[in-house]
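In: just the structure for this:
(one chain, ligands or ions: 1)
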Amino acid sequence: MNAFQILSRSTGLKSRTTRPSQQNQVPTSGQSINSISPGASSGQKRKREDDVTAVTTASPSTRVPLTEDEIRQYQKKHKIKIVDLNRFRSAGKTEESRKAQKEQSRIFPQPLVTFDQLSQQNANKSLVRNVSEQAYFQPTEVQTATIPLLLSSLSKDAQEPDLLTIAPTGSGKTLAFLIPLIDKVSRSHREQSNTTEKHASAIVLAPTKELVSQIVTEGRKLCTKTGVRITAMRKGMRLFGMQESAVENEESEGEDDEKESEDEHSRESATLTKADIIVSTPLSLVHTLCPSWEEDETTPPNPLPKIETLIFDEADVLLDPLFRAQTLAIWSACTSPTLRVSMWSATIGSNVEELAVQKIHDRQKSLKIRRSDRPPLLRTIIGLKDISLPTISHRLTYTATESGKLLGMRQLLHPSRSGGASSSKGGYQAAAAPLRPPFLVFTQTIDRAQSLYDELKYDIPAPAGGSSRIAVLHSSLPAHARSSIMQNFRLGKIWILITTDLLSRGVDFRGVNVVVNYDIPNTVAGYVHRAGRTGRAGREGGVCVSFYTKEDVQYVKGIANVIAASEKAQVRSDRPTGAGDGGGTTTTSDVPVTANGGLQPWLLHALPSVSKSTRKDLKLHGVQSRRAIHADDDEKTKRMKRKARIGTQSGYERREVDRKRGAIVHSMQEKKKEANQTADQENGEWEGFT
Ligand SMILES: Nc1ncnc2c1ncn2[C@@H]1O[C@H](COP(=O)(O)OP(=O)(O)OP(=O)(O)O)[C@@H](O)[C@H]1O
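Out: This next block holds a predicted model:
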């Protein structure tokens with residue numbers, strides 16, 4: 001595959017198309033045939049599977065539909081499970097009856113084995129060309145499974161379903177929902193060719209501006225010459241109900257939306273968008289639909305009766321209490337009886353699934369949609385739930401204290417200083433290579449991200465670019481600063497990006513080699529998503545390093561379980577042991593690993609289980625000592641929090657620095673005051689020309 005095409009996908013540069021030689025290799029598979037489905041590439045494929053591969057990779061003109069038995073084999077090979085939730089929900093109470101019911105609820109639709117099948121099925125020609133021009137040749141597992149379910153051109157007889165999809169990080173979910181969406185919108189354009197009215201017909205919700213911007217960028221590339229327009233929701237933008245004179249021109253194909261957010265503030269006037277697909281964070285959209293939202297969250301938002309498709313990217317976050325009220329308000333505003341909803345994430349817990357299913361059913365009842373008219377409700381799971389990608393290596397590093405973490409971080413940045421590259425201490429592979437940037441470093445709070453940045457910004461030597469190579473990104477920064485940092489990290493100008501959970505989900509930085517959990521994540525799902533910023537699209541060699549202190553011991557069992565489960569699912573024979581692993585062994589103590597790099601079982605047993613209430617507290621507030629200091633904290637808590645602050649300076653040194661800084665500010669204020677007084681006096685003496 002042409003490396004330029006791959007590297008330029010997120011940068012807006014034009015690429016030329018060259019076909020890959022190995023057609024039946026799934027893109028998420030890295031160097032192996034299919035790493036998402038462990039065992040699939042072990043070289044011991046059953047004869048039957050060979051037959052399926054032969055059938056499914058035959059040229060488009062010779063391809064015949066697969067029999068149900070062949071689809072079963074195909075789904076098994078690619079670890080795809082599609083279940084009809086309406087049938088499954090009526091399952092009995094006992095474990096056995098649920099299992100039997102689950103099996104009966106499975107469905108076996110034709111998979112989309114190659115993107116060539118799209119043109120055969122009468123999908124929008126420009127869309128098919130755009131997919132190919134972006135050098136997407138072979139669908140990933142999630143695309144194979146879900147595109148045929150959603151693509152209106154493929155399912156003339158079948159009704160488009162409501163869909164929940166759980167697929168690993170970096171497995172191509174964005175394309176999986178954008179392709180059918182763009183095709184659906186272009187189809188409706190064709191059907192309504194005689195109407196002049198233009199209006200938005202689809203909404204994609206995502207939790208952060210960064211993700212919104214990324215989806216729009218990807219969407220614009222796929223929309224080229226299809227007549228479909230996609231845009232990010234902006235301040236002052238209207239979806240319906242304004243005069244046509246205020247219509248905004250959204251036709252800026254190929255333009256990177258990150259740049260667009262720079263002049264977000266200059267576009268204050270209300271404009272009616274002509275875009276078909278609106279991508280937004282819940283808050284931006286809810287503010288437009290319900291201007292008094294901040295004062296009263298119960299005010300019903302303005303209805304959006306023309307929205308036919310609603311997509312939740314990172315659905316579990318959007319339905320989490322943090323965003324839930326806004327998301328549900330938007331969902332309720334979409335009053336079309338033919339609305340279809342799809343939800344996507346690498347982690348959708350059963351509580352979120354319950355909530356989503358309940359909401360879908362309640363809505364159908366309240367709109368009085370007859371049972372016979374209700375669409376199917378499907379759930380697709382790719383691989384195993386709640387595990388990390390097999391292409392990622394994990395390291396849990398015990399640092400005992402906060403200062404141990406800083407030391408550990410510095411040793412990651414400068415592995416040669418400790419001679420760690422060849423060390424085997426603590427269970428590292430002997431002679432393993434040091435970890436190479438780009439690094440994405442996560443902290444618990446904005447303050448801690450900023451402090452870590454202040455501490456490390458002079459750690460990169462000047463000849464290597466100095467402090468320009470390191471940056472901090474969080475939600476307190478203005479939109480233009482955020483997008484320029486994102487751009488520079490993507491372009492490789494920034495090597496170490498320190499951030500909060502703002503970038504833990506959905507954001508696709510192609511080349512991230514190392515994810516560092518400087519502070520442990522608040523949830524297990526958080527770990528899966530943070531780790532998933534590396535090893536994307538089947539890229540091998542990504543490493544996720546997590547530091548933990550004495551205080552964290554009570555929380556890390558969940559993370560250790562994910563690591564153990566991910567390593568179990570790994571196809572070890574396909575992974576060069578120690579690839580990108582090791583480096584920088586330290587005075588910190590690395591969790592013992594087995595000969596092939598896995599977590600020692602005794603550690604799992606030794607770590608204490610995490611109670612439900614502890615889990616809840618951690619999720620809501622993070623580790624206590626790393627929270628911000630509040631005025632009403634007692635002295636002991638304040639002391640504990642001060643002690644946990646990031647920095648090599650002692651309390652005395654910090655106070656000295658604060659005192660000096662205060663003195664400088666005071667003296668500057670004094671000088672300014674004096675200057676003003678002098679000016680006043682001079683003004684007073686000046687009599688002017690008489
Ligand atoms: N069929 C494909 N062939 C090759 N690369 C692909 C294909 N589909 C998607 N990709 C690439 O895979 C990368 C990850 O895709 P995407 O961001 O959609 O993942 P995701 O599943 O949404 O991840 P996350 O759960 O982290 O949001 C992107 O760089 C994308 O360009």
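In: was I right about residue 355 contacting residue 321?
Out: No - with contacts defined as Cβ atoms under 8 Å, residue 355 does not count as touching residue 321, sitting 10.7 Å away. All C-beta spots, glycine's among them, are computed from the backbone N, C-alpha and C.
In: and stretch 271-291, end to end?
Out: End-to-end distance for stretch 271-291: 15 Å, by Cα to Cα, to the nearest Å.
In: and if you look at stretch 100-110?
Out: Stretch 100-110: ends 23 Å apart by Cα to Cα.
In: how about the closest residue in space to residue 437 that isn't next to it in sequence, phi and psi?
Out: Nearest residue to residue 437 in three dimensions, chain neighbours excluded: residue 495, at 3.8 Å (Cβ to Cβ, 6 or more residues apart in numbering). With angles defined as degrees, to the nearest 10, residue 495 sits at phi -100, psi -30.
In: related to what we said a few turns ago, looking at residue 355 and residue 321, which is more packed in?
Out: residue 355 (17 against 8; other Cβ atoms under 10 Å).
In: how about that one, what does it touch?
Out: Listed by Cβ atoms under 8 Å, 6 or more residues apart in numbering, the contact set of residue 355 reads residue 319.
In: could you find the closest non-adjacent residue to the residue of the stretch 201-350 of the chain found nearest the ligand?
Out: Nearest to the ligand, among the residues of the stretch 201-350 of the chain, is residue 346, at 4.4 Å (Cβ to the nearest ligand atom). Leaving aside its sequence neighbours, residue 346 sits nearest to residue 169 (Cβ to Cβ, 6+ apart; 4.7 Å).
In: neighbours around the one you found, how many?
Out: Residue 169: 24 surrounding residues under other Cβ under 10 Å.
In: contact partners for it?
Out: Each residue near residue 169 by Cβ under 8 Å, 6+ apart is listed here: 346, 388, 389, 528, 529, 531, 532, 533, 536.
In: kindly report the same for residue 239.
Out: 199, 200, 272, 273, 278, 288, 289, 304.
In: check the residues you listed for the minimum pLDDT and say which it is.
Out: Within these, the minimum per-residue pLDDT falls on residue 272 (72).
In: so what pairs up with that one in the strands?
Out: For residue 272, the beta-bridge partners under DSSP bridges are residue 238, residue 247.
In: that one and residue 238 touch, don't they?
Out: Yes - contact criterion Cβ under 8 Å: residue 272 and residue 238 qualify, at 4.8 Å.
In: ok but residue 139 is inside a strand, no?
Out: No - using DSSP: H, G, I helix; E, B strand; the rest coil, the assignment for residue 139 is coil, not a strand.
In: distance check, the closest residue to it other than its chain neighbours against the ligand.
Out: The spatial neighbour of residue 139 that comes closest, neighbours along the chain excluded (Cβ to Cβ, 6+ apart), is residue 112 at 5.4 Å. Distance check for residue 112 against the ligand: by Cβ to the nearest ligand atom, to the nearest Å, it reads 10 Å.
In: got the contact list for residue 112?
Out: Residue 112 is in contact with 118, 139, 143, 144, 147, 148, 151, 154, counting by Cβ under 8 Å, 6+ apart.
In: try it again with 6 Å
Out: The contact partners of residue 112, taken as Cβ atoms under 6 Å, 6 or more residues apart in numbering, are 139, 144, 147, 148.
In: got the phi and psi for it?
Out: According to degrees, to the nearest 10, residue 112 has phi -90, psi 100.
In: these two touch, right, the residue nearest to residue 437 and residue 440?
Out: No - with contact defined as Cβ atoms under 6 Å, residue 495 does not reach residue 440; the gap is 10.3 Å.
In: any common contacting residues for the two?
Out: Shared contacts of residue 495 and residue 440, defined by Cβ under 6 Å, 6+ apart, are absent.
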